[in-house]
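# how does the following fold in three dimensions:
(one chain, ligands or ions: 1)
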Amino acid sequence: MHGTLQSAEDARARAYSMPLEDIHVGDPNLFFSDSHWPYFERLRREDPVHYCRDSEFGAYWSVTKYNDIMGVETNHQVFSSDSSLGGITIRDSLPDYRRPSFISMDQPKHGPQRKTVAPMFTPTHLDQLAATIRERACLILDSLPRNETFNWVDKVSVELTTQMLATLFDFPWEERRKLTYWSDVATAVPGAGLVETIEEKQVIIEQAGAYFKKLWNDRVDQPPKPDLLSMMAHSEATRNMDEKNFLGNLFLLIIGGNDTTRNSISGAVYALNKFPDQYKKLKANPALIESFVPEVIRWQTPLSHMRRTALADAEIGGKQIKKGDKVVMWYVSGNRDEDVIEKANEFIIDRKRPRNHLSFGFGIHRCVGLRLAELQLKIVWEEILKRFDKIEVVEEPKRVYSSFIKGYESLPVRIAA
Ligand code: HEM
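Coordinates of the predicted model:
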């Protein structure tokens, strides 16, 4: 349905032969066909802060080098996340469908709302969650078929992250796949498979809102407890959110914890198959899981970018940005910047500074759930290494059609008996 798959050589030839000004790295087809790499490589070398004059997302700047991205991330006074200016992805949020959440707010509103949910992700609380995560991971892994090809994404990555989300919200257990469905709908591009139109998407999101409203009302009537809904229902900063802010924060927490972790769990299997020497290294020394986990998250870069809007004229890497311009920070490119990360295209599970990456962003919006994401990956790999000699990827994955969510629809694998 989408862009045709081309060989790596063809993609490279095309990326280097087209005029620089015609490059549009935000094209979802490039990500769907995994051919975005040479375009970013060329921009890092020849035009690190690049202007795309025209695209289906309008005009935008691409910031492609690690240090320039950090410069934008840490200057939130100038580079805004505000949803009323278009939001946090390359695709502008449409005014009628805007649902502000704290990821798409600037100070002073952002801080108090973030603080409300932060206690969920403290080391102490995560220690308490670890036993539950492990127990559930074991059940999922023990139920996997042997000597048979199956989709790792659905059977493991989706199931594990869905269970986690249901735990964070204390969501009705048997209905937990609703969370996955809502998250997928919320990030779906209309017409690309899951929903046909933006109106259809809106209806489903409102159904989710109505469902959550009931849960919310229950929490309001009960004493505070450590689930995300209860935390918001009892906090000064969030108890009186309007309808849109309520939906916005709900969907932020559902999506934030869902696709990203799911695609890291799948990305880990894929990366180890692409770099079999690293798979051997990990099996020989499971203690390397500590650095393997952040390396997976760097190598996968589950969110390709975040976007900001300039509140004033500014300079990035010698380029003049005008007030109102759309600025896209390409984490997927910064994470492959050889000036900062040695052998950046390689997957190396025992890097000296494995957390030196941009996948979680930086500055005031730096991922609030990052410790939970790492914990999930760590536990699942500890249990995988105890059980299976090898998880073998038997076919190339089918990728998500998006230049925001960088991940897999399916990853066919096989585990020997
Ligand atoms: C590997 C997994 C994950 C990745 C790669 C990831 C990535 C990100 C990124 C790039 C941002 C924005 C940073 C910025 O703008 O500078 C972010 C923010 C956020 N993430 Fe994550 N995330 C992951 C897992 C999670 C989990 C498990 C949760 C929670 C359940 C979560 C919840 C959030 C929230 C609530 C924000 C907004 C923070 C704010 O605006 O202050 N994320 N994440």
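# quick one: residues contacting the residue of the stretch 1-150 of the chain found nearest the ligand.
Among the residues of the stretch 1-150 of the chain, residue 103 lies closest to the ligand, at 3.7 Å counting by CB to the nearest ligand atom. Placement of C-beta: from N, CA and C, glycine included. Applying CB atoms under 8 Å, 6 or more residues apart in numbering to residue 103 gives the contacts 81, 88, 252, 256, 365.
# how about the third one: what's its closest non-neighbour residue?
In space, and not counting its chain neighbours, residue 252 is closest to residue 101: 3.8 Å by CB to CB, 6 or more residues apart in numbering.
# report pLDDT for that neighbour.
On the pLDDT scale, residue 101 is placed at 90.
# so what's it up against?
83, 113, 245, 248, 249, 251, 252.
# if we ignore the residues flanking it in sequence, what's nearest the fifth one?
Spatial nearest neighbour of residue 249, excluding adjacent residues (CB to CB, 6+ apart): residue 101 at 4.6 Å.
# how far away is that neighbour from residue 160?
For residue 101, the distance to residue 160 (CB to CB, to the nearest Å) stands at 24 Å.
# how about the residues of the stretch 251-400 of the chain near the ligand?
252-253, 256-257, 260-261, 264, 297, 302-303, 306, 359-363, 365-369, 372-373 (CB under 6 Å from any ligand atom).
# element containing residue 43?
If you go by DSSP states H and E, residue 43 is part of helix 37-46.
# what helices or strands is that helix leaning on?
Here helix 37-46 touches helix 8-17, helix 331-334, going by 3 or more CB pairs under 8 Å, 6 or more residues apart in numbering; DSSP states H and E.
# so of those helices, which one's packed in deepest?
Stretch with highest mean neighbour count among the helices and strands packed on helix 37-46: helix 331-334 (a mean of 26; mean count of other CB atoms under 10 Å).
# can you name every helix or strand that that one contacts?
The contact analysis (3+ CB pairs under 8 Å, 6+ apart) places helix 331-334 against helix 37-46, helix 66-73, strand 305-310.
# between the ones you listed, which gets nearest to residue 272?
Residue 272 lies closest, by CB to CB, to one member of the helices and strands packed on helix 331-334: helix 37-46, at 19.5 Å.
# which stretches of this structure have low pLDDT?
Residues of the chain meeting the criterion pLDDT under 70: 1-6.
# buried subset of the residues of the stretch 251-400 of the chain next to the ligand?
By neighbour count, with 16 or more other CB atoms under 10 Å, these hold 252-253, 256-257, 260-261, 264, 297, 302-303, 306, 359-362, 365, 367-369, 372-373 as buried.
# just the strands in the stretch 201-350 of the chain please.
305-310, 314-316, 319-321, 326-330 (DSSP state E, counting those that start in this stretch).
# in helices, which of the residues of the stretch 251-400 of the chain next to the ligand fall?
Counted as lying in helices by DSSP state H, out of those, are 252, 253, 256, 257, 260, 261, 264, 297, 372, 373.
# in this structure the last one contacts residue 297, no?
Yes. With contact defined as CB atoms under 8 Å, residue 373 reaches residue 297; the gap is 7.1 Å.
# between those two, what contacts are shared?
residue 264.
# in contact with residue 43: list those residues for me.
23, 25, 50, 62, 64, 333.
# so the fifth one makes contact with residue 42?
No. Counting by CB under 8 Å, residue 64 stays clear of residue 42, with 9.4 Å between them.
# more neighbours, the two?
residue 64 (29 against 19; other CB atoms under 10 Å).
# what are the phi and psi values at the more buried one?
Per-residue torsions, residue 64: phi -120, psi -10 (degrees, to the nearest 10).
# chain neighbours aside, what residue packs nearest to it?
Excluding the flanking residues, the one nearest residue 64 by CB to CB, 6+ apart is residue 333, at 4.1 Å.
# distance of that neighbour from residue 343?
Distance, residue 333 to residue 343, using CB to CB: 16 Å.
# ok, now residue 115?
39 Å.
# who has more neighbours out of the two?
Taking other CB under 10 Å, residue 115 and residue 343 do not tie; residue 115 has more neighbours (15 against 9).
# list the contacts for residue 383?
Taking CB under 8 Å, 6+ apart as the test, what residue 383 contacts is 134, 137, 138, 141.
# element containing it?
Taking DSSP H and E as the criterion, residue 383 maps to helix 370-387.
# buried sites along the next helix or strand after that helix?
Next along the chain after helix 370-387, taking DSSP H and E as the criterion, comes strand 391-393. Within strand 391-393, the residues that qualify as buried by neighbour count (16+ other CB under 10 Å) are 391, 393.
# ditto for stretch 143-161
144, 150, 151, 152, 153, 155, 156, 157, 158, 159, 160, 161.
# give me phi/psi at the second one?
Backbone dihedrals for residue 150, given as degrees, to the nearest 10, come out at phi -140, psi 170.
# sec struct for the residue lying closest to it once chain neighbours are set aside, please.
Spatial nearest neighbour of residue 150, chain neighbours left out: residue 413 (6.7 Å); criterion: CB to CB, 6+ apart. Under DSSP: H, G, I helix; E, B strand; the rest coil, the three-state class of residue 413 is strand.
# residue 404 versus the residue lying farthest from the centre of the chain, what's the distance?
What lies farthest from the middle of the chain is residue 221; by CA atoms, centre = their mean that is 33.7 Å. Distance check for residue 221 against residue 404: by CB to CB, it reads 37 Å.
# repeat for residue 107
Look at residue 107 and residue 404: by CB to CB, they are 24 Å apart.
# neighbour count winner among the two?
residue 404 (22 against 11).
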